[in-house]
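Chemist: Sharing a model prediction with you, sequence too.
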Amino acid sequence: MSFFTALTTRTFSSSARMAAAIKNVTVIGSGLMGAGIAQVAAQTGHTVTMVDIDKAAVDKAEKRIAASIQRVAKKKFSGDEGEATKFISEAIGRLNTSTDAVASVGSADLVVEAIVENIGVKQKLFKELDQAAPEHTIFASNTSSLPIGKIAEVTDRKDRFGGLHFFNPVPVMKLLEVVRIPETSQDTYEAMCVWGKNMGKVTVECKDTPGFIVNRLLVPYMFESVRMLERGDASARDIDVAMKLGAGYPMGPFELMDYVGLDTGKFIIDGWAKEYPENPLYQPSELLNKMVAEGKLGVKSGEGFYTYKK
Ligand SMILES: CC(=O)CC(=O)SCCNC(=O)CCNC(=O)[C@H](O)C(C)(C)COP(=O)(O)OP(=O)(O)OC[C@H]1O[C@@H](n2cnc3c(N)ncnc32)[C@H](O)[C@@H]1OP(=O)(O)O
Ligand SMILES: NC(=O)C1=CN([C@@H]2O[C@H](COP(=O)(O)OP(=O)(O)OC[C@H]3O[C@@H](n4cnc5c(N)ncnc54)[C@H](O)[C@@H]3O)[C@@H](O)[C@H]2O)C=CC1
C-alpha cells in the first residue's frame with residue numbers, strides 16, 4: 001500500500017466510523033428547511049426527532065413531509081407500488097416530533113438547527129442544548145447568512161461545531177455546503193461530509209464567510225432584481241421570464257424570493273447591511289420591507305410578488 005493510499009484509507013475509515021455513528025439526528029425548527037432536512041434524514045435511514053416551539057408548525061411540517069415523500073417515492077420506485085409504500089412507511093416510522101428541544105437531544109449524534117435567522121435566538125438555543133446533549137454530539141447550523149463562529153461561541157464544543165447549509169427544496173436540491181470554523185476538528189468536518197453523502201447530497205467545503213458560496217452570489221442577485229423593479233426598469237414577471245429564458249435559471253428571482261420566503265430574505269440583508277454598511281450590494285429594500293410588514297412572505301403566506309393557493 002502506498003503512503004497516499006494508506007493515508008486516504010485511514011482518513012476515510014476514521015470519518016466513516018464517525019459518520020456511521022451518526023444514527024440519531026435531531027432537527028430543530030420544522031419550517032421550510034427543518035421539515036425537508038428531517039424528511040431526507042428519515043428517508044436515508046436515520047432516526048430523527050423534528051422539533052419546533054410551535055406545535056402548529058410541527059403539524060404543518062408533517063403534512064408537507066407526507067406530500068413530499070409521496071413525490072420522492074413515486075420517482076424512486078416508479079411502477080412498484082409495494083416498494084413505494086414500504087419506503088414511505090419505514091421513513092415516517094423513523095420520524096418523531098417534539099416541541100421541547102432540550103429534551104430531544106439526549107441521544108442525538110447530530111443536531112441540525114434550522115430555526116429563525118436571528119443570532120440571539122440561535123445562540124440562546126445552542127447554549128441550552130450544549131448543557132443537555134452528550135459529549136460526542138456534533139452541532140450544526142443551517143443558517144443562510146450568520147457567521148457559524150458567532151453561533152458556536154456560546155458553546156463549549158467549538159471543535160464539534162460546523163455549518164450544514166441545505167437548499168430549498170431539500171428533498172430535491174443536491175448541494176450541501178459544509179462550513180468549518182477554525183476550531184472545527186478534522187474528524188467533525190469529515191463526519192459532516194460523510195453524513196452529507198449518506199443523505200444523498202454533494203458536499204462542498206466552505207469557509208465561514210458571509211453567505212458561504214451560493215448565497216454570497218444569489219442574495220445580491222435577488223436584491224439587485226428588487227432594485228430593478230423599484231426603479232421601474234421592468235416588471236417582476238418580465239424579469240423572471242428574462243432570467244429563466246435568457247440565463248437558464250429554473251426560477252426567476254421573484255419566484256425564487258417567494259419560494260425562499262421574503263422574511264428570510266429580509267433577515268439576511270438586514271444582518272449584512274448592519275455588519276457591512278459600506279457595501280452597496282447589501283442594502284435593504286423599502287419594497288421588500290413593506291411587503292414583509294404586510295405579512296406578504298411569499299409561498300408560505302399565500303402572497304409575495306405573486307399569489308398562491310393556500
Ligand atoms: C436561502 C438559502 O439559504 C439557500 C437556498 O435554498 S436558495 C434557493 C435554492 N433553490 C433554488 O434555486 C430552486 C430553484 N428551482 C428549482 O430548482 C425548481 O423550480 C424546483 C425543483 C423547485 C421545482 O421544479 P419544477 O420542474 O419547476 O417543478 P416540478 O415539476 O414540480 O418538480 C420537479 C421535480 O422535483 C420534484 N419535487 C419538487 N418539489 C419537491 C418537493 N418539495 N419534495 C419532493 N419532490 C419535489 C418533483 O416531484 C419533480 O420530480 P420529477 O421531475 O421526477 O417529476
Ligand atoms: N428558506 C430557505 O430557502 C432557506 C433557509 N435557510 C435557513 O434555515 C433556517 C430556517 O429557515 P426556514 O425554514 O425558511 O424558516 P421558517 O420560518 O420556515 O421556519 C423556522 C421555524 O423555526 C421555529 N423556531 C423559531 N425559534 C425556535 C426555537 N427557539 N426553537 C425551536 N423552533 C423555533 C419557528 O416556529 C418556525 O417553524 C434559517 O436560518 C434560514 O436562514 C437555509 C437555506 C434555505
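Modeler: Structure's in. What do you need? Ligands and ions are numbered 1, 2, ... in the order given.
Chemist: Can you tell me which residues in the protein are near ligand 1?
Modeler: Counting by CB under 6 Å from any ligand atom, the chain comes close to ligand 1 at 68, 71-72, 75, 144, 167-169, 171-173, 215, 218, 250-251, 256, 260. (Each C-beta comes from the backbone N, C-alpha and C, glycine too.)
Chemist: Filter these to keep only those in contact with ligand 2.
Modeler: Among these, ligand 2 is touched by S144, N168, V260 when using CB under 6 Å from any ligand atom.
Chemist: who wins for neighbours among those residues?
Modeler: If you count neighbours using other CB atoms under 10 Å, the busiest of those is V260, which has 26 neighbours.
Chemist: How about that residue, nearest residue that isn't a chain neighbour?
Modeler: Residue nearest to V260 in three dimensions, not counting chain neighbours: N168, with 6.1 Å by CB to CB, 6 or more residues apart in numbering.
Chemist: confidence score at that neighbour?
Modeler: In this prediction, N168 carries a pLDDT score of 96.
Chemist: Check which element follows the lowest-mean-pLDDT helix or strand in the chain along the chain.
Modeler: Considering only helices and strands, the least confidently modelled element of the chain by mean pLDDT, DSSP states H and E is helix 3-20, at a mean of 48. Past helix 3-20, further along toward the C-terminus, the next helix or strand under DSSP states H and E is strand 24-28.
Chemist: wait, what's in contact with K60?
Modeler: Applying CB atoms under 8 Å, 6 or more residues apart in numbering, one finds that K60 lies in contact with S30.
Chemist: Distance check, it against G246.
Modeler: In this structure, K60 lies at 36 Å from G246, with CB to CB, to the nearest Å as the measure.
Chemist: Equivalent analysis for A67, please.
Modeler: Where G246 is concerned, A67 sits at a distance of 32 Å (CB to CB).
Chemist: now do V121
Modeler: Spatial separation of V121 from G246 under the definition CB to CB is 39 Å.
Chemist: So what's the residue count around K75?
Modeler: Burial of K75, expressed as a neighbour count using other CB under 10 Å, amounts to 11.
Chemist: And the one 5 residues further on, by the same measure?
Modeler: For D80, the number of neighbouring residues by other CB under 10 Å comes to 12.
Chemist: same question, A56
Modeler: Taking other CB under 10 Å as the neighbour definition, A56 ends up with a count of 9.
Chemist: Does it lie in a helix or a strand, and which?
Modeler: For A56, the enclosing helix or strand under DSSP H and E is helix 55-76.
Chemist: ok, which stretches of the stretch 101-250 of the chain are strands?
Modeler: 110-113, 138-141, 161-165, 175-180, 202-207 (DSSP state E, counting those that start in this stretch).
Chemist: quick one: the fourth one near ligand 2?
Modeler: Which is strand 175-180. No. Strand 175-180 is not in contact with ligand 2 by CB under 6 Å from any ligand atom; minimum separation 9.3 Å.
Chemist: and if you look at stretch 96-114?
Modeler: Yes. Using CB under 6 Å from any ligand atom, stretch 96-114 reaches ligand 2 at A101, A114.
Chemist: Pop the domain breakdown of this protein in here.
Modeler: What the record gives for the chain is the domain set 3-207, 216-301, from automatic domain parsing.
Chemist: Could you list the contact residues of the stretch 51-200 of the chain toward ligand 2?
Modeler: 51-54, 57, 101, 114-117, 121, 125, 142-144, 166, 168.
Chemist: So which of those sit within helices?
Modeler: When DSSP state H is applied, these are split such that A57, V121, L125 fall in helices.
Chemist: Thought T26 was touching the last one, still the case?
Modeler: The reference is to L125. No. With the criterion set as CB atoms under 8 Å, L125 and T26 do not qualify as a contacting pair; they are 11.5 Å apart.
Chemist: Which one's more surrounded, these two?
Modeler: Legend: neighbour count by other CB under 10 Å for L125 and T26, higher for T26 (28 against 24).
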